[in-house]
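S.K.: need a 3D model of the following:
(2 chains)
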Amino acid sequence: SQTIHQWPATLVQPVGSPLSLECTVEGTSNPNLYWYRQAAGRGLQLLFYSVGIGQISSEVPQNLSASRPQDRQFILSSKKLLLSDSGFYLCAWSGERPISQYFGPGTRLTVL
Amino acid sequence: AQTVTQSQPEMSVQEAETVTLSCTYDTSESDYYLFWYKQPPSRQMILVIRQEAYKQQNATENRFSVNFQKAAKSFSLKISDSQLGDAAMYFCALIQGAQKLVFGQGTRLTINP
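M.R.: Below is the predicted model:
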């Protein structure tokens, strides 16, 4: 069966510091991968998605970037964090068909 | 643009009873999918149920079922025999063609023992 991992689970970073969040998927090949952000008490907003290695689509212009160095690895990065980057970050994967997206456990990021 | 609206910020139900969560959406496409996700206090998003727009039959997964009214663009979730473990935020979501899931704002469901 497929499993999705995210780390770290919790992160507290100072403003201006770099960021790297990692997501890996097991049990499937060539998945579509997604990064979402959830602000407190709100729904999810898609940040990036990838349909293959090195292929990244950005949904929201922002202080973040994404990379996919390997088939089942998806990384969310920032060179300099802002206070507004605080939130809950969720990685998800889907197959080409069916279209359902399955989420990882998430990373809670606090920028101070 | 696609939109998803959940008009009930909070709902509560007695344990073992039935509750219905409402969702309306807007899309210009004829081919799309609708989902209900559950987010417990751990905050991991769990897929509860999926409905393909081209299917007339309402989806069912154990105690969870949907009422899909395509013409009215309505997609409600019914939870039967509510259990304490059903307490969570529930999000309605829509996807069409491309990869972007569009979420509603969520409904917080409380189960009263």
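S.K.: check contacts around the residue nearest in space to the middle of chain A.
M.R.: In chain A, the C-alpha nearest the mean C-alpha coordinate belongs to A:W35, at 3.2 Å (C-alpha atoms, centre = their mean). Contact analysis of A:W35 by C-beta atoms under 8 Å, 6 or more residues apart in numbering or on different chains lists A:C23, A:L46, A:L47, A:F48, A:Y49, A:A66, A:F74, A:L76, A:Y89, A:L90, A:C91. From N, CA and C alone the C-beta is placed, and that goes for glycine too.
S.K.: filter these by proximity to chain B?
M.R.: A:L46, A:Y49, A:L90 (C-beta under 8 Å from any C-beta of the partner chain).
S.K.: tally of neighbours for residue 5?
M.R.: Using chain A. 13 (other C-beta atoms under 10 Å in any protein chain shown).
S.K.: hm, I was asking about chain B
M.R.: 13.
S.K.: so what does it have for phi and psi?
M.R.: phi -120, psi 130 (degrees, to the nearest 10).
S.K.: repeat for B:N62
M.R.: The phi/psi pair for B:N62 (degrees, to the nearest 10) reads phi 60, psi -120.
S.K.: quick check, B:V48 in contact with B:F91.
M.R.: No - using C-beta atoms under 8 Å, B:V48 is not in contact with B:F91, being 9.4 Å away.
S.K.: can you pull out the low-pLDDT segments for the chain?
M.R.: Unless you meant another one, I'm taking chain A. A:61, A:97-98 (pLDDT under 70).
S.K.: not quite, go with chain B.
M.R.: Scanning chain B with the threshold set as pLDDT under 70 gives B:97-98.
S.K.: okay, which residue is most central for it?
M.R.: Note: chain B centre (C-alpha atoms, centre = their mean) maps to B:W36, 3.3 Å.
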